[in-house]
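Student: Test case, fold it:
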Amino acid sequence: MIEYVRRALAIDCEAVSRYLVERLREYFEESGAAGGVLGLSGGIDSSVVAVLLARATDNFFFLLMPSSSTPPRDIEDAMKIIKLTRAEGKYAVVPIDEHVKALADAVGVADKKIVGNIKARVRMVLLYAYAQKLGYLVVGTGDKSELMLGYFTKYGDGGVDILPIGDLYKTQVRQLGRCLGVPEEIVAKPPSPALWEGQTAEGELGIDYETIDSVLYLRYEEMRTREEIAAMLGIDVSVVDKIDSLVRRSQHKRLPPEIFRLSGRAIGSDWRYPRRYWNVRPWV
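Tutor: Here you go, the predicted structure:
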């Protein structure tokens, strides 16, 4: 990452953490929820949000939902966050392999990506069941980089009530993690959804997060051209194009389901809906 972007993405960690903690408190109060439940994976994102949540309220609960593809280190790291947040008695470990297998067998699939998405959606179901049981909200752990790239499972880890770090790039989440006292081995660990053995985010995307964050910032916040970004970062323009493509193709994940508008139109056997209405989204 060039120094220009590194400076632009530097955050005041103390100020950011204070704001996010206060915003969590306000959101719980405004929504009438008693607290928050969070899926703790042992990665940097869920670790940071767990610490913020524990600072915001005593009413929190962590779910560890390991599968056969979960590295033992992730469980060990999750337990470090439980100790850091003094969450003894405020967490549960719920293995998910049995539920995932039942669903995969019912559909008749073994493809690792399909099964991986089933894992993410099983976890979402468990989080919402616990949240309803406790009167809590589901606190999401997605960061800005993942949200922009669409690197999450729709109605899986994307199925949450609030996203406290959703406006922080991955590199900024790492900064915040160090400020919050998250162990360095978690901060520096390669991010991975661990939906299948050996999976890493950077390996699957084919680009490291420093480059991803630099391109996203320069392209969508400074609105620079593809060629200018490639020259500034010393990368091929195809890398910028790949990130652009990921953002565009994942737009459906960031929007509510498309409603085909019929209101106020007379519908008959020869009715045609004018083309100019096809892409109207009343919520935009």
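
Student: Tell me where the protein has strands.
Tutor: 35-39, 60-64, 91-93, 136-138 (DSSP state E).

Student: Looking at those, which is nearest to Ile243?
Tutor: Closest to Ile243 of the strands of the chain, according to CB to CB: strand 35-39, at 26.6 Å. Where C-beta positions appear, they are placed from N, C-alpha and C, glycine not excepted.

Student: contacts for that closest one?
Tutor: With CB atoms under 8 Å, 6 or more residues apart in numbering as the test, strand 35-39 has contacts from 24, 28, 46, 49-50, 53, 56-65, 123, 127, 130-131, 134-139, 141, 157, 162.

Student: lowest-confidence helix or strand of this protein?
Tutor: For the chain, the helix or strand with the lowest mean confidence is helix 201-205, at a mean of 85 (criterion: mean pLDDT, DSSP states H and E).

Student: So which bits of that one are buried?
Tutor: Buried residues in helix 201-205, counting neighbours by 16 or more other CB atoms under 10 Å, are found at 201-202, 205.

Student: could you redo the residues you listed as TSV and give each row distance to Ala106?
Tutor: Shown next, in TSV, are those (distance: CB to CB, whole Å):
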residue	distance to Ala106
Ala201	29
Glu202	33
Leu205	31
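
Student: quick one: low-confidence ranges for the stretch 1-150 of the chain?
Tutor: Flagging of the stretch 1-150 of the chain using pLDDT under 70 yields the residue ranges 1.

Student: What are the neighbouring residues in contact with the closest residue to Val115 other than its chain neighbours?
Tutor: What sits nearest to Val115 in space, not counting adjacent residues and going by CB to CB, 6 or more residues apart in numbering, is Ala104, at 5.2 Å. Applying CB under 8 Å, 6+ apart, we find Ala104 in contact with 110, 114-115, 118.

Student: Show the buried residues in those.
Tutor: For the contacts of Ala104, buried by 16+ other CB under 10 Å: 115, 118.

Student: would CSV of the contacts of Ala104 with distance to Ala188 be doable?
Tutor: Converted to CSV, the contacts of Ala104 look like this (distance: CB to CB, whole Å):
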residue, distance to Ala188
Ala110, 34
Ile114, 31
Val115, 29
Ile118, 30
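
Student: So which of the contacts of Ala104 is the closest to Tyr220?
Tutor: Ile114 (30.4 Å).

Student: mind giving me the domain split of this protein?
Tutor: 13-187, 203-254 (automatic domain parsing).

Student: Which of those sits closest to Tyr4?
Tutor: That would be, of these and by CB to CB, domain 203-254, which comes in at 7.4 Å.

Student: So what's the gap between the closest one and the chain middle?
Tutor: 18 Å (CA atoms, centre = their mean, to the nearest Å).

Student: do the same with stretch 126-142
Tutor: The mean C-alpha position of stretch 126-142 is separated from the chain mean by 15 Å, CA atoms, centre = their mean.

Student: thinking again about what came up before, ranking the strands of the chain by burial, who's on top?
Tutor: Burial of those is given as mean neighbour count (mean count of other CB atoms under 10 Å); strand 35-39 ranks first at a mean of 27.

Student: returning to what we had before: let me know which of the domains of the chain is the nearest to Leu262.
Tutor: domain 203-254 (20.8 Å).

Student: Make a ChimeraX selection of the buried ones in the contacts of strand 35-39.
Tutor: Filtering these down to the buried ones (16+ other CB under 10 Å) takes a single ChimeraX command:
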select :24,28,46,49,50,53,56,57,59,60,61,62,63,64,65,123,127,130,131,134,136,137,138,139,141,157,162
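
Student: ok so, going back, between the buried residues of helix 201-205, which is nearest Leu195?
Tutor: Distances from Leu195 to those, taken by CB to CB, are shortest for Ala201, at 10.6 Å.

Student: Can you verify my assumption that the closest one contacts Ala194?
Tutor: No - taking contacts as CB atoms under 8 Å, Ala201 lies outside contact range of Ala194: 10.0 Å.

Student: residue ranges of the helices in the stretch 1-150 of the chain, please?
Tutor: 3-8, 13-31, 44-56, 72-84, 97-107, 112-134, 144-149 (DSSP state H, counting those that start in this stretch).

Student: Determine the set of other helices and strands touching the longest one.
Tutor: Think helix 112-134. Helix 112-134 is packed against strand 35-39, strand 60-64, helix 97-107, strand 136-138, with contacts defined by 3 or more CB pairs under 8 Å, 6 or more residues apart in numbering; DSSP states H and E.

Student: That's all I had, so thanks and see you.
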